[in-house]
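Asker: With the sequence up front, the predicted model follows.
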Amino acid sequence: PRPTQTSTQEGDTVARPYVFCHMMTTLDGKISGKYHGTPEAKAAGNVFYRLAFGDDPHYRHQGWLSGRITTDDNFTHYRTPALRDDAPPVPEGDFIAVPDADKYYVSIDPSGKLGWEGPDLPYRPTHAHVLEVLTGRASNAYKAFLRERGISYVIAGDDALDPELLLHKLATLFGIETLMLGGGGVLNWSFIQAGLCDEVSVVVAPVADGSSDTPALFETAGRTPDDPRAFRLQSAEVMDGGAVWLRYTLDNTNDREPAA
């Protein structure tokens with residue numbers, strides 16, 4: 001299998017992973033909220049896990065990508081990183097602590113705020129090496145903090161995230177050929193709008209809470225365009241507990257195939 005090629009604004013092509021967005025939602029499209037404690041959501045969550053992380057998964061990916069808030073909500077729990085103001089200057093550029101992990105957890109953290117305790121991230125039986133995505137706004141002290149803990153990082157942009165550069169580095173520096181995009185809604189939508197998501201996989205739990213204050217599968221939050229995008233249905237399957245698994249491709253990417 002080989003990484004996907006994508007075109008830049010200059011017309012050049014660069015290597016990047018095949019990107020699939022894999023999420024669980026309610027019937028009303030929410031990705032978080034009180035419904036997570038219901039039996040219906042737990043059954044759908046097991047389906048979600050099995051498809052991408054189980055013993056014989058449908059998606060065989062080398063890493064999954066999430067935003068800072070998703071990471072804090074689920075893994076780092078809003079801990080404050082222990083930074084040293086007197087940390088010696090670190091070398092310029094990226095830091096590759098583990099170049100050949102079985103799986104990476106890729107976390108968008110432009111300014112360097114996540115309070116990691118170590119390089120290993122457990123998610124049910126799955127373990128992944130933490131790979132931080134920083135921009136030029138991250139401090140020397142934060143990069144030193146990551147290095148001391150053996151956590152890899154890449155610099156992808158000066159003031160804001162450059163998603164094309166990030167995907168190219170994931171493919172070429174870490175050998176990631178298939179990447180799962182796993183929220184939040186703003187990150188998901190930004191990749192959709194940029195034409196950098198090849199497939200959308202949604203496990204719909206048969207439950208809803210009606211909340212208007214919880215995040216949805218896709219959101220702009222005033223940071224990304226709200227131009228409508230069309231999707232093409234590839235399959236729809238009824239799963240355990242009444243969940244439904246929907247697979248879509250985007251119009252501009254449906255000739256691509258995932259890495260096997």
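Answerer: Okay, I see it.
Asker: List the contacts of the most centrally placed residue in the chain.
Answerer: The centre of the chain sits closest to Leu65, judged by Cα atoms, centre = their mean, with a distance of 1.9 Å. Shown in contact with Leu65 (Cβ atoms under 8 Å, 6 or more residues apart in numbering): 106-108, 179-182, 187. Yep, even glycine has a C-beta here, placed from its N, CA and C like the rest.
Asker: quick one: which of those is nearest Asp85?
Answerer: Ser107 (23.6 Å; Cβ to Cβ).
Asker: And for the closest one, the neighbour number?
Answerer: 25 (other Cβ atoms under 10 Å).
Asker: And the one 3 residues further on, by the same measure?
Answerer: Pro110 sits with 18 neighbouring residues when counted by other Cβ under 10 Å.
Asker: contacting residues for the spatially closest residue to it that is not a sequence neighbour?
Answerer: Once flanking residues are discounted, Pro110 sits nearest to Thr135: 4.3 Å by Cβ to Cβ, 6 or more residues apart in numbering. Counting by Cβ under 8 Å, 6+ apart, Thr135 makes contact with 110-111, 155-161.
Asker: Please, a ChimeraX command that selects the buried ones among those?
Answerer: In ChimeraX, this line selects whichever of the contacts of Thr135 come out buried by 16 or more other Cβ atoms under 10 Å:
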select :110,155,156,157,161
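Asker: Is it possible to get TSV of the contacts of Thr135 that adds secondary structure?
Answerer: Output for the contacts of Thr135, formatted as TSV (DSSP: H, G, I helix; E, B strand; the rest coil):
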residue	secondary structure
Pro110	coil
Ser111	coil
Ile155	strand
Ala156	coil
Gly157	coil
Asp158	coil
Asp159	coil
Ala160	coil
Leu161	coil
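Asker: What ranges in this structure fall below the confidence cut-off?
Answerer: Residue ranges of the chain with pLDDT under 70: 1-13, 252-260.
Asker: which one in it is furthest away from the centre?
Answerer: Of all residues in the chain, Asp86 has its C-alpha farthest from the mean position, at 32.6 Å, by Cα atoms, centre = their mean.
Asker: I'd guess that one is in a strand, am I close?
Answerer: No: under the criterion used here (three-state DSSP), Asp86 is coil, not part of a strand.
Asker: That one and Asp28, how far apart?
Answerer: Distance of Asp86 to Asp28, given as Cβ to Cβ, to the nearest Å: 50 Å.
Asker: cool, Pro119 as well?
Answerer: Separation of Pro119 from Asp28 (Cβ to Cβ) stands at 37 Å.
Asker: For Leu51, which three-state class applies?
Answerer: helix.
Asker: Against Ile176, how distant is it?
Answerer: Between Leu51 and Ile176 the distance is 18 Å, computed by Cβ to Cβ.
Asker: Name the residue in the two with the higher neighbour count.
Answerer: A count of neighbours by other Cβ under 10 Å puts Ile176 above the other of Leu51 and Ile176, at 27 against 18.
Asker: The residue nearest to the centre of the chain falls within a helix, correct?
Answerer: No: per three-state DSSP, Leu65 lies outside any helix segment and is strand.
Asker: Kindly reformat the contacts of Thr135 as TSV containing distance to Asp100.
Answerer: Shown next, in TSV, are the contacts of Thr135 (distance: Cβ to Cβ, whole Å):
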residue	distance to Asp100
Pro110	26
Ser111	29
Ile155	21
Ala156	20
Gly157	25
Asp158	29
Asp159	31
Ala160	30
Leu161	25
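Asker: nearest to Leu170, of the contacts of Thr135?
Answerer: For these, the minimum distance to Leu170 (Cβ to Cβ) is 9.2 Å, reached by Ala156.
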